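Participant: sequence first, predicted model second:
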Amino acid sequence: MQVFSKTVSILSITLFALLGSSAGFTQTLTPTITANDAAYQAFGGKEGIKNVVDAFLPIVLADPRIKDKFKDADVERLGFLLTEQFCDLLGGPCQYSGKSMRKTHADKDITNAGFNALAEDLQIAMDKQGIPSSLQNKLIAKLAPMQSSIVTK
């Protein structure tokens, strides 16, 4: 249960970080050299990550705990940025082009409870896409350090 809670917290951070990050949005992905893209490949590459994000966003937008935080969000842009960020974090050939997490969430009044709700939703989406727990934990471990930049309340 503790691992699930930590996983949920990390994922929530990333999603809230992307909320409202319209500046810096771009349709191009800049390749980066990576020493280890095993996690990226295990997720199914960019298409597999996009599938997770596509499953995730409807869950978030229906979650009564956090859906109001996304009422003004450009969901298409958010999906693009999440796919880009997850690809980057998992060692893929993408570079996240959105704003910093701190800047994006500065005026969003994100709480730890909201952050955790988002992380839970991401875990549900990854489960629905058949992502093994060990791979989910790798993404969560990359997202977790962002919590301090996202939670503002």
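Facilitator: Received it, and whenever you're ready, just let me know what you need. Nothing here was measured: the structure is a model prediction, and the numbers come from that model.
Participant: show the average pLDDT along stretch 122-136.
Facilitator: In this model, stretch 122-136 carries a mean pLDDT of 96.
Participant: my guess is residue 104 meets residue 98, correct?
Facilitator: Yes. Taking contacts as C-beta atoms under 8 Å, residue 104 lies within contact range of residue 98: 6.9 Å. C-beta: built from backbone N, CA, C; applies to glycine.
Participant: in the protein, which spans are helices?
Facilitator: 2-18, 38-42, 45-62, 75-89, 101-105, 112-128, 133-143, 147-150 (DSSP state H).
Participant: could you dump the ones you listed to CSV with distance to residue 69?
Facilitator: Written out in CSV, the entries for those read as follows (distance: least, C-beta to C-beta, whole Å):
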stretch, distance to residue 69
helix 2-18, 7
helix 38-42, 28
helix 45-62, 9
helix 75-89, 11
helix 101-105, 10
helix 112-128, 7
helix 133-143, 17
helix 147-150, 11
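Participant: for those, please prepare TSV with the additional fields mean neighbour count.
Facilitator: Putting those into TSV (neighbours: other C-beta atoms under 10 Å) gives the following:
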stretch	mean neighbour count
helix 2-18	23
helix 38-42	16
helix 45-62	18
helix 75-89	21
helix 101-105	20
helix 112-128	22
helix 133-143	19
helix 147-150	19
